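Enquirer: Build me a model from this:
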Amino acid sequence: LNNTNSKQASADIPSVRTALKHVYSEIWVECVVRSPLYQPNELEAAGESKEGSGSAVGKFDIRSTSFENRLDAYITSMPWFR
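Expert: Numbers count the residues shown, from 1 in each chain. Take a look at the predicted model:
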């Protein structure tokens, strides 16, 4: 690629900053923050279980949203993911 083509190619690929903004505003906010069950500081951490120690009781389980599926679909659609 010459310099002009490489600039065009890089302009077609979303920057990491742009991708992160999309993940936050279009996926996280839409799937998690706008959920009526979401309460800040009440997310169940990965690996926490509602059984056992009881530390996750009453916490919002992100798996109850479409966040993971939408995030996965978005990330795998990026040209730089391949």
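Enquirer: For Gly54, give me the pLDDT.
Expert: You'll see Gly54 listed with a pLDDT of 51.
Enquirer: cool, and Ile62?
Expert: Per-residue pLDDT puts Ile62 at 85.
Enquirer: burial count for it?
Expert: 17 (other CB atoms under 10 Å). Backbone N, C-alpha and C define where each C-beta goes, glycine included.
Enquirer: Run through the residues that contact it.
Expert: Shown in contact with Ile62 (CB atoms under 8 Å, 6 or more residues apart in numbering): 32, 43-44, 68.
Enquirer: again with Trp28
Expert: Phe67.
Enquirer: Make sure I have this right: it is in a strand.
Expert: No - the assignment for Trp28, made by DSSP: H, G, I helix; E, B strand; the rest coil, is helix rather than a strand.
Enquirer: what about it, distance to Arg82?
Expert: From Trp28 across to Arg82, the span is 24 Å (CB to CB, to the nearest Å).
Enquirer: what about this protein, any weak spots by pLDDT?
Expert: By pLDDT under 70, the weakly predicted segments of the chain are 1-12, 45-57.
Enquirer: What are the boundaries of the strands in it?
Expert: Assigned strands in the chain: none (criterion: DSSP state E).
Enquirer: Return the residues in contact with Trp80.
Expert: Contacts for Trp80 (CB under 8 Å, 6+ apart) come out as Ile13.
Enquirer: swap that for Cys31, sorry
Expert: Counting by CB under 8 Å, 6+ apart, Cys31 makes contact with 65-67, 70.
Enquirer: what do you get for Thr65?
Expert: When contacts are counted by CB under 8 Å, 6+ apart, Thr65 is found next to 31-32, 35.
Enquirer: Which residue is the nearest non-sequential neighbour of it?
Expert: Cys31 (4.4 Å; CB to CB, 6 or more residues apart in numbering).
Enquirer: Who are the contact partners of Leu37?
Expert: With CB under 8 Å, 6+ apart, Leu37 has these contacts: 60, 64.
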